[in-house]
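Q: Structure of the sequence below:
(chains A, B and C)
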Amino acid sequence: MKEVKTFQQMYRDGHVNRREFLAAMGALGITATTAGSLLSSASALAASPTRGGSVIFASNLHGPDDTLDPILGTSTIDYTRANCMYNGLIQVWDDMSLHPELAEEWSVNDNATQYTFKIRKGVEFHGGGELTAKDVVYSMNRHIASGSPSSIKSFFSNVIEWRALDNYTVKLNLSSPDADMPVKLTQPQAKIVKANTHNWWEGGTGPYTLDSFQAGVKSEHSRNNNYWRDTGQWLDGMEITAITDPDARLNALLAGSVDMATLMNARHIKKIEAAGKSVLSIPSGLYGGICCLKNTAPGDNDDLVQGFRYIQDRERIVRKFLRGQGTVGNDHPINVSYGADHCHELPQIPYDPDKAKYHLNKSGYSEAELYVAPVIGFIEEACLLMQANLKKIGFNLKLKRVPTDGYWGAVWMKEPLNVVTWNMRPTANAMMAIQFGPNGNWNDTFWNSDRMGVLLKDSLAETDPGKRHEMHCEMQKLVSTQSGMVIPAHTNIIDGHNPQVQGFSNCPLGQFGGNGWAEFIWKTG
Amino acid sequence: MSESQQETGPSTQFEELPDAPPKRKIRLSWPGKIGVSVLIFWAIIVAIGPMIAPYHEADILDEELFIVPGSDEMYPDTDFQPPSKIVLLGSDYLGRDTLSRILFGARTTIGISFLATLLAYLIGVTLGIAAAVGSKALDMSLSRVNDALLSIPSIMFALVLIAALDSPGIFWLIIIAGFIYAASVFRIARSLGQEVIVSDFVEAAKVRGEGLWWIITREVLPNIAMPLATDFGLRFVWVILFISSLSFLGLGVQPPMSDWGSMVKENLSGLVYGSVAPLMPALAIATLTISVNMIVDDISAATGGKLAKRMIS
Amino acid sequence: MLWRAILGRFGISLVTLWVVSILIFIGTNLLPGDVAQIILGQMATPESTAALRAKLGLDKPPIQQYLVWLQNVAMGDLGISKAGLGAGLGTPIVEMLGPRVYNTARLTLLVAGIAIPVSLFLGLIAAMHPGTRLDRSITFATLNLISVPDFLVATALVLIFAVGLGWLPSIVFLRGDETGWVLIKTLAMPILTLVILVSSQIIRMTRATVLNVMSSPYIEMAILKGVPRKRIILRHALFNAVGPIVNVIALNLAWLVGGVVVVEQIFSYPGLAKLMIEAVLMRDMPLVQACAMIFCATYIVLIFIADIASILSNPRLRHPK
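A: Residues are numbered from 1 along each chain as shown, chains lettered A, B, ... in the order given. Reported below is the predicted structural model:
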């Protein structure tokens, strides 16, 4: 289509932004996913999908606790497999808009305490049998059962019950208003499984079925010929594995041993492209930061945290460690990727060693210990830079390097100073609520502000864009000045792939376009 | 099994005479002499390295240093730079000076490995001689526990201990490495000690009525000192490589401290760019280990080359 | 007497294995973190943790836990891994180990099949012509190879053969049905790396041991008598050096089974060592215990075989004084 090409040129030349581009594509009747791929790859100008072939996907982490049970998913490899094998009720598009998936449509009452979902008819499970309301209720009840191991259990703490009204209608009753419930249902853990199943090898309703699975080794998948929708499913099959060592992962991509390698370090982009491979770099709200726990020393000291903020050489981190593939952070999670909710009025915190020295002197501390794990590409480097800069002003920051495996259970939310990474959430409100909601399960700096709670609740109900923006601004200011969070930079989601593999979406919520690439991509020649 | 090797070890079959202290003077061949000079060089670096280093090991060099005069590039790359006047051996993945890090790292690398080997010897020799001169029951129980410890792959052993201690600091790293290597030292010390204890001159001393302590200090220790010293050298080298393997798994020293093994690891991706950053510390390790081996070869030759078969552990 | 000696070694091996089991049990219990809490992760509550502890038998005294574990292991029941346990579906460790043991055994045998003959040959050649240019180059090359970290050797080979020349895959993707040439090519990188690492050790030891035997009085006598050097080495020295050489080989085989973490990590090879490291990092105690038992048992069996070989190779050893 000529219009598409024109828009692609305009996008590349910076005349339209991502949001406008996607809106235009929507107007042309192009799905967000296809539009995303048009947007992301220059070669898409000429490419047309071809059927056949298979790909090898290398994630960054796997092990004996790899799981096919969606509610247990914690890592990119789990999410990717979940997207191959299952569907959710609702899906999120690249522009963060929500669309029906297994729920054909949904409705909500005025105060957002009751939802009704119409379940799609004629959807078959891999192992046979049609999807009904019973399966949906079963799947969702697994999150709220007592002792449930679900990793997003906290999302559903306000659920009273899921009830099947008939074979194709499900009703959800909530104890408190929740306008974000549909967003929560797009999470990879909220996939729909077959009722009463305990055999995850059987799979769900997803675009690819499971052929083999070895935890910590690999899984193989092939096309579900009985899929309920036409999204391409170009590939015959795929092999999903992980290469834990970043250098080995890079080399595997360069040597052509894998087609897709996730989480590439920005510094290798030039090398990857010089070797004839492609890089997918998607701007995102994804960030790496430092958590100073506010309920214990030394994080309870505001001056210490303030000193840590001023010592961040944010420009250099983005320039050197991210090679420009990211944006400077302003100590709150809501960067430009969140669109209108991003507070551009908030002044940028500068790199100012003098102010840092002033605050650190005032804090009375001259040393501290920070736990570091390479939870995200640049964080270790950023901490080393911070350490070197602190040394110059006479503050001794000790770094304690620990392995990534087990980090989230043993260090995060436990050690007084630790590093953290958060994926982007579909809305600013969801992001702020999950990390800074008062007394939230994942409030990882233990900063509880009543004002924050009020703003989170009110902004969900606020319909006036101006007022809503003001509320978000206040929240971002609160977080960036009072919480224990230091966010030096937001990074693009950077993946590397064989140029023959095309059609990736631009969804910024996870690796390779939100981990949901399986049913959309194709491999040429 | 140490016992079987000792009692039935091939060493006993051709030798009619007991081991006597090595009387032959050790003459160094030219590779041996080079080895000694290299070791002296590194010993000096351990002492003064941080003082002569152009930068601190933690310093991430300013971009301004790398600005080429006349170029309008305000923010030139600082990482994986080739050797130049600013960075004599090039810069690493973070833009730190490789030379400075090697100079600082000498103290960490050699220090940790040396102390760990020393600890291994303290434990291993004490228990090994105790087993050699002590009762059969003591010998049996020590040897079985030792065999069991030896059977666990050392890297796995370290992994479990490090996990158990929650990623401890250098102090515990030394203790762990020393403890793990004590098992092989025990084996050698016990086997050497037993050979001496059944020798004619010790029998003679017993007949003279000398005490156990006298026999250990005057007869056993002097007689096993030379082979043990040689083994110490090789063990030291293995500990260096062992610690570097731990660094590969992210379990070595804490940043920004530099040890040579972790320097190789953290700059490994530089190989793709033809950077010397990972090669320089590897070269430092190699000079050290090769030197030790060359000296050991000379000593080994002087003491009748009986060492090799004892090293099998 | 011969049989008594062998039986004695056998007894010692069994005792060692028993001591190993105690050490492993103590070692894994030293690991921080409550297994139940680790399994439950973020969702751990005091009640659910206590319930799971009871279910896993962790509330019993350590000695009782040890005895139960030992009995189970002896019966071939290695327990349940935490993999999938959160959903009430633990994976039997025996099932998880199967493919890993197969992979490790396959790689070990292939490496041993190449490395042992090659290194015996090179070691003997070097020992036969000590001091010559050939000997010096073999000695120098092996010395260099054992003097650098193993991950550097592996990475350098990857960059040469996979990234640079594009001849071989940089990591191992096993489909399970490879045979013959395809299998060799798939496994080529780890095989090459391990053959280089293992051979360097064996060559040096073979050379040293043979030279050592050569310096013993009876060989010196033979030399004085004018027996050709080549014949001395092949007929006398080699036979007497079998014990130590077999021992070195046994130790290297044991290392190939349990010590090749770094190489398995770099090539993403699904072997036992990688499984154990993952198990330790995830505090999957039953899995750690199972892997450790396999490594130790392998070591003990290999050393036992080496002992027997050295007894058989030497008539005098059959009749210890």
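
Q: From here on, just use CA atoms for contacts and neighbour counts.
A: Fine.

Q: Next, count neighbours for residue A:435.
A: Applying other CA atoms under 10 Å in any protein chain shown, we find 19 residues neighbouring residue A:435.

Q: is it fair to say it lies in a helix?
A: Yes - counting by DSSP: H, G, I helix; E, B strand; the rest coil, residue A:435 is found in a helix.

Q: Just give the closest residue to the residue of the stretch 101-250 of chain B found nearest chain C, not the sequence neighbours.
A: Closest residue of the stretch 101-250 of chain B to chain C, CA to the nearest CA: residue B:164 (4.1 Å). Once flanking residues are discounted, residue B:164 sits nearest to residue C:31: 4.1 Å by CA to CA, 6 or more residues apart in numbering or on different chains.

Q: Please apply the same query to residue A:257.
A: residue C:169 (5.5 Å).

Q: Ok, residue C:229 next?
A: Using CA to CA, 6+ apart, the closest residue to residue C:229 is residue C:223 (7.1 Å).

Q: Tell me which helix or strand the one you found sits in.
A: helix C:217-225 (DSSP states H and E).

Q: Show the average pLDDT along that helix.
A: Averaging pLDDT along helix C:217-225 yields 77.

Q: got the buried residues for the helix or strand following that helix?
A: The element immediately downstream of helix C:217-225 (helix or strand, assigned by DSSP H and E) is helix C:229-231. Across helix C:229-231, burial judged by 16 or more other CA atoms under 10 Å in any protein chain shown covers residue C:229.

Q: what's next to helix C:229-231, contact-wise?
A: By CA atoms under 8 Å, 6 or more residues apart in numbering or on different chains, the list of residues contacting helix C:229-231 from outside reads C:128, C:223.

Q: where along the stretch 101-250 of chain C do the helices fall?
A: For the stretch 101-250 of chain C, the helices defined by DSSP state H, counting those that start in this stretch cover C:133-145, C:150-157, C:180-214, C:217-225, C:229-231, C:238-258.

Q: just these: most buried one?
A: Counting by mean count of other CA atoms under 10 Å in any protein chain shown, helix C:238-258 has the highest mean neighbour count of these, with a mean of 23.

Q: which other helices and strands contact that helix?
A: The contact analysis (3 or more CA pairs under 8 Å, 6 or more residues apart in numbering or on different chains; DSSP states H and E) places helix C:238-258 against helix C:93-128, helix C:180-214, helix C:272-281, helix C:285-312.

Q: interface residues of the stretch 151-300 of chain C facing chain A?
A: Contacts of the stretch 151-300 of chain C with chain A, taken as CA under 8 Å from any CA of the partner chain, map to C:158-159, C:162-164, C:166, C:169-171, C:265-268, C:270, C:275, C:278-279, C:281-282.

Q: go on, chain B?
A: So far as CA under 8 Å from any CA goes, chain B lies against chain A at B:58-60, B:77, B:94, B:167, B:250-251, B:254-256, B:268-269, B:273.

Q: so where's the chain shaky on pLDDT?
A: Since you didn't name a chain, this refers to chain A. A:1-47, A:405-406, A:409, A:441 (pLDDT under 70).

Q: I was thinking of chain C, sorry if that wasn't clear
A: For chain C, the stretches with pLDDT under 70 are C:1, C:32-48, C:82-90, C:314-321.

Q: residue closest to the middle of it?
A: residue C:254 (2.4 Å; CA atoms, centre = their mean).

Q: quick one: the helices in the stretch 151-300 of chain B?
A: For the stretch 151-300 of chain B, applying DSSP H, counting those that start in this stretch gives helices covering B:154-164, B:170-197, B:200-208, B:212-214, B:221-248, B:260-266, B:279-302.

Q: Give me whichever of those is most buried.
A: helix B:260-266 (a mean of 27).

Q: Which strands and helices lie in contact with that helix?
A: Using 3+ CA pairs under 8 Å, 6+ apart, the elements in contact with helix B:260-266 are helix B:98-133, helix B:221-248, helix B:279-302.

Q: Span of stretch B:47-64 from start to end?
A: For stretch B:47-64, the first and last residues are 32 Å from each other (CA to CA, to the nearest Å).

Q: now swap in stretch B:270-277 and tell me
A: Stretch B:270-277 has an end-to-end distance of 7 Å (criterion: CA to CA).

Q: does it come close to chain C?
A: Yes - legend: contact between stretch B:270-277 and chain C by CA under 8 Å from any CA is shown at B:271-272.

Q: could you give the mean pLDDT of that stretch?
A: 85.

Q: how about that stretch: buried residues?
A: Residues of stretch B:270-277 classed as buried: B:270-272, B:275-277 (neighbour count, 16+ other CA under 10 Å).

Q: And for stretch A:128-138?
A: A:131-138.

Q: for stretch A:274-282, same thing?
A: Going by neighbour count (16+ other CA under 10 Å), the buried part of stretch A:274-282 is A:277-282.

Q: Next: stretch A:410-426.
A: The neighbour-count check on stretch A:410-426 (16+ other CA under 10 Å) flags A:410-413, A:415-426 as buried.

Q: and of those, the nearest to chain B?
A: Closest to chain B, out of all of those and judged by CA to the nearest CA, is residue A:410, at 9.6 Å.

Q: Pull the residues that contact the longest helix anywhere in chain A.
A: For chain A, the helix reaching the highest residue count under DSSP state H is reported as helix A:465-482. Outside helix A:465-482, the residues that touch it by CA under 8 Å, 6+ apart are A:302, A:306, A:330-334, A:340-343, A:345-346, A:436, A:452, A:455, A:459, A:462, A:485-486.

Q: 7 Å - rerun?
A: For helix A:465-482, the surrounding residues in contact (CA atoms under 7 Å, 6 or more residues apart in numbering or on different chains) are A:330-332, A:341, A:343, A:452, A:455, A:459, A:462.

Q: From those, list the buried ones, please.
A: A:330-332, A:341, A:343, A:452, A:455, A:459.

Q: next one: the host helix or strand of residue B:36 to chain centre, how far?
A: For residue B:36, the host element (DSSP H and E) is helix B:30-52. Offset of helix B:30-52 from its chain centre (CA atoms, centre = their mean, to the nearest Å): 15 Å.

Q: I'd like to know which elements that helix is packed against.
A: Judged by 3 or more CA pairs under 7 Å, 6 or more residues apart in numbering or on different chains; DSSP states H and E, helix B:30-52 is in contact with helix B:98-133, helix B:279-302.

Q: export those to JSON lines and tack on distance to residue A:58?
A: Output for the helices and strands packed on helix B:30-52, formatted as JSON lines (distance: least, CA to CA, whole Å):
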{"stretch": "helix B:98-133", "distance to residue A:58": "32"}
{"stretch": "helix B:279-302", "distance to residue A:58": "28"}
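
Q: what's the distance between the residue lying closest to residue B:123 once chain neighbours are set aside and residue B:114?
A: Among residues not flanking residue B:123 along the chain, residue B:182 sits closest, at 5.9 Å (CA to CA, 6+ apart). Residue B:182 is 13 Å from residue B:114, where distance means CA to CA.
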